[in-house]
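Peer 1: Prediction below, plus the sequence it came from.
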Amino acid sequence: MSELKTNKISTNDQNNVAIDNALGLKSYDTAGRDALTSVAGDMIYNTSDSKVQVYNGSSWDDLGGVDAFNIEYVVIAGGGGAIAGYAQANGGGGGGAGGYLSNVSGENSGGGFSADNREMFIPKSTAFNVSIGGGGAGAGAASVKGNESYFSNILAVGGGGACGDGNASRMGHRDGGSGGGGLYGNPTGVYENRDPGNGVTGQGYNGGYGGLSNNVNRGPGGGGGGAGAVGGNGQNNSQETCNAGDGGAGVTSSITGSPIVRAGGGGGGIRSDAGSAVPGTGGTGGGGDGAAQNNNGNNGTVNLGGGGGGGSGDDATYIGGTGGSGVVILRYATADVASYSQTGLTITETTDGSDTVLEITQGTGTISFS
């Protein structure tokens, strides 16, 4: 026969029972609990889950509070598109990388900020909105900004497109997660718009300035900003060696288990039909290389959020590179989650030690955990 032992049991005015000692529930691990012959209302302490649980007649429910677990994330937006040079064979600026946000302990977000190391606890059985931003399209003279990525309320801003020429209709979307690279400036200043775009604080860096061309318009575009560094400036040189700016570097994360650099800026384009001027190199982390001598710019890498590389040539014929699409990466203790469900998303699931890693590479939809 079971016994209830206490020093004192009393009632108060609301007819509640008051016990002046702590109430110790019988403890079982999950296997021991499931071996019981239970009836609705039975209550135990589960040592496997460290939770008080009550039997509802068919299954065991956690008692009180919200069933939640800790999750780490990296959220990266789509990179910005780049342009070709305006007129003749001049080079265009590179696109900025997509905004970069992380809460992985010991790592960084974009723009030189430490990751938001606060633990993020999310409740189970709740649908969270997710979207993977596509890269901005490459263009002749009017750049296209990258698209935002988000997980719940964590929103990364799309990378800035490369700067268009002085015509207001061609200015593009220079500001973004990381800023787009500036256009070259010619000696007369007719199409001079060398200023780059600005990055978003805590997500990415500014783009690089376009260079001031010499009298034969070598057209050195500025590099797009990266999540980890400012885009390089196009060189100012009276000779024929005014090189385009390199894309800014991205940020390294080991959230998947291996260190990977993501969100690099696109390199600037250059005219190189004479002399030894060279285009800018895409920033490490998926930035597209700039082009030379009448060529399209190179695209940013898919799911790294890199900016597109600047093109070279007449904007009616050639275009800059397209920005790389973004990504959302989630990591949590495998033991904390029995399963997940999703709608509208493309997900790759891997494990790293005792953790599960979900890499969401495409789509707009929802994800929930149980």
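Peer 2: That came through, no problem.
Peer 1: Output the contacting helices and strands for the longest strand along the chain.
Peer 2: Assignment by DSSP state E gives strand 355-369 as the longest strand of the chain. With contacts taken as 3 or more C-beta pairs under 8 Å, 6 or more residues apart in numbering; DSSP states H and E, strand 355-369 sits against strand 128-131, strand 327-333, strand 340-352. C-betas here are computed from N, CA, C, even on glycine.
Peer 1: Kindly reformat these as CSV containing distance to residue 150, mean neighbour count and mean pLDDT.
Peer 2: Shown next, in CSV, are the helices and strands packed on strand 355-369 (distance: least, C-beta to C-beta, whole Å; neighbours: other C-beta atoms under 10 Å; pLDDT from 0 to 100):
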stretch, distance to residue 150, mean neighbour count, mean pLDDT
strand 128-131, 5, 20, 98
strand 327-333, 8, 22, 98
strand 340-352, 12, 13, 98
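Peer 1: Hmm, residue 312 and residue 319 touching each other?
Peer 2: No: in terms of C-beta atoms under 8 Å, residue 319 does not count as a neighbour of residue 312; the distance is 10.4 Å.
Peer 1: Give me the common contacts of those two.
Peer 2: 84, 297 (C-beta atoms under 8 Å, 6 or more residues apart in numbering).
Peer 1: Those two: who's more crowded?
Peer 2: More crowded of residue 319 and residue 312, by other C-beta atoms under 10 Å: residue 312, with 31 against 25.
Peer 1: Would you agree that one is in contact with residue 93?
Peer 2: No: assessed by C-beta under 8 Å, residue 312 is found out of contact with residue 93, at 11.6 Å.
Peer 1: what's the overlap in contacts for these two?
Peer 2: Contact criterion C-beta under 8 Å, 6+ apart; residues shared by residue 312 and residue 93: residue 269.
Peer 1: ok, and for the longest strand of the chain, which residues are buried?
Peer 2: By neighbour count on 16 or more other C-beta atoms under 10 Å, the buried set for strand 355-369 is 355-362, 365, 367-369.
Peer 1: List just the nearest of the residues you listed to residue 265.
Peer 2: residue 361 (21.1 Å; C-beta to C-beta).
Peer 1: Please name the residues that touch the closest one.
Peer 2: 132, 303, 325, 327, 346-348.
Peer 1: Please report the distance of it from residue 151.
Peer 2: Residue 361 sits 13 Å away from residue 151 when distances are taken as C-beta to C-beta, to the nearest Å.
Peer 1: ok, now residue 126?
Peer 2: For residue 126 relative to residue 151 (C-beta to C-beta), the value is 13 Å.
Peer 1: So between these two, which is more surrounded?
Peer 2: residue 151 (24 against 14).
Peer 1: got the contact list for the more buried one?
Peer 2: With contact set as C-beta under 8 Å, 6+ apart, residue 151 has these partners: 73, 75, 128-130, 328, 330, 360.
Peer 1: make it 6 Å
Peer 2: Residues near residue 151 by C-beta atoms under 6 Å, 6 or more residues apart in numbering: 73, 75, 130, 328.
Peer 1: For this protein, give me the ranges with low pLDDT.
Peer 2: Residue ranges of the chain with pLDDT under 70: 1-22, 64-66, 86-89, 117, 165-172, 185-193, 213-218, 237-241, 272-275.
Peer 1: Please enumerate the helices of it.
Peer 2: Per DSSP state H, the chain carries helices over the ranges 30-34.
Peer 1: Distance to residue 282 added to the helices and strands packed on strand 355-369, as CSV?
Peer 2: CSV is the format used below for the helices and strands packed on strand 355-369 (distance: least, C-beta to C-beta, whole Å):
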stretch, distance to residue 282
strand 128-131, 25
strand 327-333, 17
strand 340-352, 24
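Peer 1: Give the burial count for the spatially closest residue to residue 174 that is not a sequence neighbour, as a bare number.
Peer 2: In this structure, residue 174 finds its nearest non-sequential neighbour in residue 197, 2.9 Å apart by C-beta to C-beta, 6 or more residues apart in numbering. When counting by other C-beta under 10 Å, one arrives at 32 neighbours for residue 197.
Peer 1: Go ahead and confirm residue 197 touches residue 181.
Peer 2: No: assessed by C-beta atoms under 6 Å, residue 197 is found out of contact with residue 181, at 7.9 Å.
Peer 1: tell me the contacts of residue 267?
Peer 2: Contacts of residue 267 by C-beta under 6 Å, 6+ apart are 94, 223, 246-247, 279-282, 289-290, 309.
Peer 1: change it to 10 Å
Peer 2: Residue 267 makes contact with 82, 91, 93-95, 181, 208, 221-224, 231-232, 244-248, 278-283, 287-291, 297-298, 307-310, 321, according to C-beta atoms under 10 Å, 6 or more residues apart in numbering.
Peer 1: Residue 287 now?
Peer 2: 79, 82, 94-97, 159, 178, 223-226, 231, 246-250, 261, 263-267, 280-281, 298-301, 304-309, 321, 323-324.
Peer 1: Buried among those? Need that as a selection in ChimeraX.
Peer 2: This is how ChimeraX selects the buried members of those, with burial counted by 16+ other C-beta under 10 Å:
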select :79,82,94,95,96,97,159,178,223,224,225,226,231,246,247,248,249,250,261,263,264,265,266,267,280,281,298,299,300,301,304,305,306,307,308,309,321,323,324
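Peer 1: In strands, which of the contacts of residue 287 fall?
Peer 2: residue 261.
Peer 1: quick revisit: verify the stated contact: the residue nearest to residue 174 with residue 97.
Peer 2: No: judged on C-beta atoms under 10 Å, residue 197 makes no contact with residue 97 at a distance of 11.3 Å.
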